[in-house]
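Q: Give me a 3D structure for the following:
(one chain, ligands or ions: 1)
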Amino acid sequence: MQKLKYLSYLLLLTILSQTVNGQTNTRTVENLNKGWKFYLGDEVKASNPDFNDQNWRSLNVPHDWSVEGSFSKDHPATPGGGALPGGTGWYRKTFIIPATSKGKSVFIDFDGVYRNSEVWINGHLLGKRPNGYIAFRYDLTPFLLYGKKNVLAVKVDNSEQPNSRWYSGSGIYRDVKLTTVNHVFVDLWGTQVRTPKVTSEIANVSIKTQIRNNSTAVQQGVVKTSLVNAEGKVVTSTATKITLKDSISFVEQLLSVSNPHLWSDTDPYLYKVVTTILLGNKTVDQYETTAGLRYFSFDKDKGFSLNGKPLKIRGVCNHHDLGALGAAFNVRAAERQLEMLKEMGCNGLRTSHNPPAEELLNLCDKMGFIVMNEAFDMWKKGKNKYDYSLDWDKWHKRDLEDQIKRDRNHPSVFMWSIGNEIQEQWGTGADTAGRVITRELTAIVKSLDDRPVTSATNDINLYNNLIFSNAYDLIGYNYNHDKFAKFPQTFPGKQLIGSETVSALQTRGHYDMPSDSIRVWPTAWDKPLLTGNADLTCSAYDNCRTPWGSTHEETLCEFNTNQHLAGMFIWTGFDYLGEPTPYPWPARSSYFGIIDLAGFPKDVFYMYQSQWTNTPVLHIFPHWNWKPGQLVDVWAYYNNADEVELFLNGKSLGSKKKVQHEFHVYWRIPFEAGTIKAVSRKNGVTVLTKEITTTGTPSKIILTADRNKIKADGEDLSFITAKIADEKGNMIPNADNLIQFTVSGDASIAGVDNGNPTSMESFKASQRKAFNGLALAILKSGEKSGKVTFTATAQGLVPASIEIEVK
Ligand code: GAL
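A: Prediction:
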């Protein structure tokens with residue numbers, strides 16, 4: 001027996017070494033984002049390959065037509081949905097399939113189309129997919145013309161609205177890819193990489209591979225699987241002989257690595273699993289899966305731990321829109337958001353309330369985010385007239401399965417949420433739907449993956465049907481921060497995560513005093529706001545919140561003091577389009593963000609940074625332009641220091657220290673024009689100083705770019721901030737000058753914004769008013785290398801220019 005084993009091992013080794021020189025003719029994955037035709041409206045004949053689309057608009061996807069429209073309260077999406085238009089749109093793409101692809105399988109992969117997409121190839125209907133957030137594939141092979149033009153037509157129907165509680169966007173808003181493989185290949189999302197045992201000494205990696213045999217013959221071959229480290233070195237590999245009798249076969253393999261380099265939020269080290277299928281000595285497919293080796297646990301008493309060390313998940317919830325870019329996914333725009341969140345000290349992200357773009361998870365893998373990957377905002381009981389509840393019966397199983405299969409290998413994904421504030425949580429007597437569906441969905445997830453399952457529940461009473469189903473690994477509390485402490489008594493033996501917290505409200509740069517009086521706006525979730533500010537602002541001292549939420553500081557205090565709490569996801573990291581609580585129209589985007597829609601941090605960003613990072617922080621606010629004698633509250637967020645001393649025009653106003661459970665200090669002082677200066681000190685030694693000066697009149701524009709060098713790939717972005725300043729360069733805190741932007745060189749303006757939730761200006765323009773001193777332009781590269789000059793002008797102000805290198 002031993003001898004036999006040895007012989008077959010030798011045979012495998014021979015096969016493997018032969019393939020080094022063997023033919024490698026494997027898969028190609030071609031990005032199909034460029035060169036589409038688009039028509040806004042319905043055109044019944046457009047699925048016909050001979051249809052003349054010459055007069056249609058040319059564009060690249062990812063594309064979102066809603067964000068190109070004008071705001072109106074009359075759009076069926078309502079202000080809650082962003083007050084932007086929906087409708088029906090058509091996309092067509094003509095492409096050539098080379099004659100060499102004959103005999104292969106060719107697929108089209110969509111990462112997300114909002115919504116109700118129907119896809120045709122050369123006039124053949126491939127299918128319909130209602131869910132706007134799900135990735136899907138169609139097999140083009142039987143309908144292709146080789147060596148000739150092929151026509152893909154996509155109808156997108158987002159006309160029935162409202163179908164969302166937030167802005168959804170419309171169109172092919174994520175990547176499209178063309179995948180060409182041989183007849184034997186790793187199937188769609190065909191690998192499942194698990195780490196049944198990981199310690200600092202050893203990692204066992206199990207790989208289950210789903211192989212498709214599209215040929216009519218039984219195939220004999222070998223599946224070789226290697227683990228490759230971040231330096232590109234094969235650390236270990238294995239090979240298994242296979243006989244492919246059926247159209248689908250599975251291979252299970254185990255790899256073991258000693259002294260693995262573990263993945264963590266601070267050191268997101270990635271390996272990759274490379275799967276090679278050989279038939280004879282020919283490599284017919286090679287497929288890569290990103291892998292991260294880590295272990296974690298949720299403990300009822302100690303909360304979350306990663307790789308054996310206690311760690312609090314310091315997360316935020318985000319919706320999928322990227323501000324002025326709308327829903328159209330852009331890797332750099334998402335990366336910038338994550339970079340800012342990391343700077344703030346965040347290590348977690350909840351993809352509220354839907355499956356994210358695959359690229360977002362790739363970024364989370366690389367940048368070290370702990371992700372709660374969420375599936376649904378509603379089940380069978382809807383929240384809006386035309387929402388996904390109408391598709392629930394037919395599609396939920398398939399959609400959930402596909403989400404798990406696509407995302408389960410990402411090391412950044414730590415838990416699944418099968419729903420947010422699901423209506424079925426309520427139900428008594430014979431209404432057992434909540435329990436039944438919870439068990440069904442949890443079973444679907446568990447059949448495909450072993451990570452913890454939870455949902456985000458806002459009613460945390462014992463009668464809650466979802467919790468009561470007893471199916472969850474984790475109990476997700478939305479809000480209810482005042483009940484964190486009692487959790488161990490309420491749900492003995494269970495683990496707690498703050499699936500959604502805070503919901504405080506702020507407008508960047510706006511301050512209502514006294515800062516220690518808290519505005520609860522509206523007074524109840526089902527009541528309109530009767531007070532509020534005439535200009536539809538909310539105060540950026542942390543003193544305005546929703547009735548179901550809290551100030552940032554209140555929840556942070558509970559976060560710090562409850563050891564059993566695994567972590568939390570704050571509502572929200574970034575402002576998003578839609579849901580302009582607490583205000584009605586013309587408010588059209590959220591006030592919840594720690595960072596505004598344009599990506600400018602609100603003051604509370606620095607509170608988190610002072611608490612969650614070691615970056616030295618001393619942040620003082622508000623601005624220093626008030627009425628003489630007016631009492632003004634000056635706040636300071638700081639860290640790495642024992643105290644902060646404040647000076648007004650050189651005169652000390654005394655030192656202040658934070659006491660336990662306090663996150664800021666403040667002084668109430670009569671305004672006098674000039675300069676306030678804060679000095680933070682540790683053991684009497686100055687750590688940082690900050691000054692704010694009463695400004696003169698607007699004099700000039702100052703431009704700064706987040707990056708001065710971008711790639712000439714037609715997709716890269718530079719985020720350019722325009723600041724309205726006085727002669728000395730101090731930002732004018734209420735400036736709203738209209739700024740014109742011009743570009744010379746191969747680049748264009750992809751969007752403009754200023755973070756004002758009530759602005760009716762278009763995001764797709766070459767001008768923008770400043771809001772509280774700032775405006776943003778998003779510059780997108782073309783495909784030619786060279787220097788791009790970006791200029792900003794405004795009436796009566798000295799203009800500014802900045803050079804961006806596109807390479
Ligand atoms: C939650 C809900 C979120 C958002 C938030 C606003 O209840 O889950 O989607 O609506 O409230 O505070």
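
Q: OK, contacts around the one residue in the chain that gets nearest to the ligand?
A: Closest residue of the chain to the ligand, CB to the nearest ligand atom: S503 (3.6 Å). C-betas here are computed from N, CA, C, even on glycine. For S503, the contact set (CB atoms under 8 Å, 6 or more residues apart in numbering) comprises Y479, R545, T546, W548, G549, S550, W571, T581, F592.

Q: Can you tell me which of the residues you listed are buried?
A: Listed as buried from these are Y479, R545, T546, G549, S550, W571, T581, F592; burial here means 16 or more other CB atoms under 10 Å.

Q: And the residue of the chain closest to the ligand, how far from V520?
A: Distance check for S503 against V520: by CB to CB, to the nearest Å, it reads 11 Å.

Q: Need the overlap of contacts for these two.
A: Taking CB under 8 Å, 6+ apart as the criterion, S503 and V520 both touch R545, T546.

Q: count of neighbours near the residue lying closest to K380 once chain neighbours are set aside?
A: Distance criterion CB to CB, 6 or more residues apart in numbering; nearest residue to K380, sequence neighbours excluded, is W392 at 4.6 Å. Using other CB atoms under 10 Å, W392 has 19 neighbouring residues.

Q: Inside strands: which ones of the contacts of S503?
A: R545, W571 (DSSP state E).

Q: Tell me who's in contact with T428.
A: Y463.

Q: Repeat that for D301.
A: P488, Q563, H564.

Q: before we move on, the earlier item: near the ligand, list only the ones from the buried ones among the contacts of S503.
A: Here is what survives when the buried ones among the contacts of S503 are matched to the ligand using CB under 6 Å from any ligand atom: T546, G549, W571, T581.

Q: tell me which parts of the stretch 401-550 of the chain are close to the ligand?
A: Near the ligand, when you scan the stretch 401-550 of the chain using CB under 6 Å from any ligand atom, you find N420, E421, N458, N478, E500, S503, T546, G549.

Q: Which pair in those has the greatest spatial separation?
A: Within those, two members stand farthest from each other by CB to CB: N420 and T546, at 15.9 Å.

Q: now the helices for the stretch 251-400 of the chain?
A: 331-344, 358-367, 392-407 (DSSP state H, counting those that start in this stretch).

Q: Nearest to Y271, out of the ones you listed?
A: The closest of the helices of the stretch 251-400 of the chain to Y271 is helix 358-367. By CB to CB, the value is 10.8 Å.

Q: what pLDDT, on average, does the closest one get?
A: Per-residue pLDDT over helix 358-367 has a mean of 98.

Q: Please work out which residues outside it touch it.
A: By CB under 8 Å, 6+ apart, helix 358-367 touches 111, 135, 174-175, 268, 270, 290, 292, 329, 331, 334-335, 338-339, 342, 349, 351, 369, 371, 373, 406-407, 410-413.

Q: what about it, distance to the chain center?
A: In terms of CA atoms, centre = their mean, to the nearest Å, the centre of helix 358-367 is set 9 Å apart from its chain centre.

Q: Compute the inter-axis angle for it and helix 331-344.
A: 40 degrees (axes from the mean of the first three to the mean of the last three CA atoms, to 10 degrees).

Q: Helix 358-367 vs helix 392-407, what angle?
A: 40 degrees.

Q: what would the residues of the stretch 401-550 of the chain next to the ligand look like in JSON lines with pLDDT?
A: JSON lines is the format used below for those (pLDDT from 0 to 100):
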{"residue": "N420", "pLDDT": "98"}
{"residue": "E421", "pLDDT": "98"}
{"residue": "N458", "pLDDT": "95"}
{"residue": "N478", "pLDDT": "98"}
{"residue": "E500", "pLDDT": "98"}
{"residue": "S503", "pLDDT": "98"}
{"residue": "T546", "pLDDT": "98"}
{"residue": "G549", "pLDDT": "98"}
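
Q: Now do the SS call for P142.
A: helix (DSSP: H, G, I helix; E, B strand; the rest coil).

Q: so what's it scoring on pLDDT?
A: The model's pLDDT for P142 equals 96.

Q: neighbours around S352, how many?
A: Look at S352: counted by other CB under 10 Å, it has 24 neighbours.

Q: wait, isn't it in contact with H319?
A: Yes. Using CB atoms under 8 Å, S352 is in contact with H319, at 6.3 Å.

Q: Now for the two: what residues contact both?
A: T572.

Q: what's the closest non-adjacent residue to the residue of the chain closest to the ligand?
A: Computed as CB to CB, 6+ apart, the closest residue to S503 that is not its neighbour in sequence is G549, at 3.0 Å.

Q: and the one you found, what is it in contact with?
A: Here G549 is in contact with Y479, T501, V502, S503, A504, T555, W571 (criterion: CB under 8 Å, 6+ apart).

Q: redo that, cut-off 7 Å
A: Y479, V502, S503, A504 (CB atoms under 7 Å, 6 or more residues apart in numbering).

Q: Can you check the pLDDT for the second one?
A: If you check V502, the pLDDT there is 98.

Q: my guess is it meets H552, correct?
A: Yes. Counting by CB atoms under 7 Å, V502 does reach H552; the two are 5.7 Å apart.

Q: More neighbours: which of the two?
A: Shown here are V502 and H552; by other CB under 10 Å, V502 has more neighbours (30 against 24).

Q: beta partners for the more buried one?
A: Beta-bridge partners of V502, counted by DSSP bridges, are W571.

Q: For this protein, what lies in contact range of the ligand?
A: By the rule CB under 6 Å from any ligand atom, the part of the chain lying against the ligand is N420, E421, N458, N478, E500, S503, T546, G549, W571, E579, T581.

Q: Pull the residues that contact the one helix or strand the fifth one maps to.
A: So the one you mean is E500. Element membership of E500, judged by DSSP states H and E, is strand 495-502. Identification of contacts with strand 495-502 by CB under 7 Å, 6+ apart yields 298-300, 317, 350, 372, 417, 454, 456, 474-479, 481, 484, 487, 549-550, 552, 555, 564-571.

Q: What's the first helix or strand after that strand?
A: Downstream of strand 495-502 (by DSSP H and E), the next one is strand 519-520.

Q: What pairs with that following strand, parallel or antiparallel?
A: Strand pairing for strand 519-520, using DSSP bridges, gives strand 544-545 (parallel).

Q: Could you give the average pLDDT over the partner strand?
A: For strand 544-545, mean pLDDT is 98.

Q: again, but for stretch 53-71
A: For stretch 53-71, mean pLDDT is 98.

Q: gap between the two ends of that stretch?
A: Length of stretch 53-71, first residue to last, CA to CA, to the nearest Å: 28 Å.

Q: try stretch 502-515
A: OK, stretch 502-515 end separation, CA to CA: 18 Å.

Q: and that stretch, how far from the chain's centre?
A: 25 Å.

Q: Go through that stretch and flag the buried ones.
A: Of all the residues in stretch 502-515, those buried under the rule 16+ other CB under 10 Å are 502-513, 515.

Q: Report the contact partners of F95.
A: The contact partners of F95, by CB under 7 Å, 6+ apart, come to N150.

Q: This completes my enquiry, with thanks.
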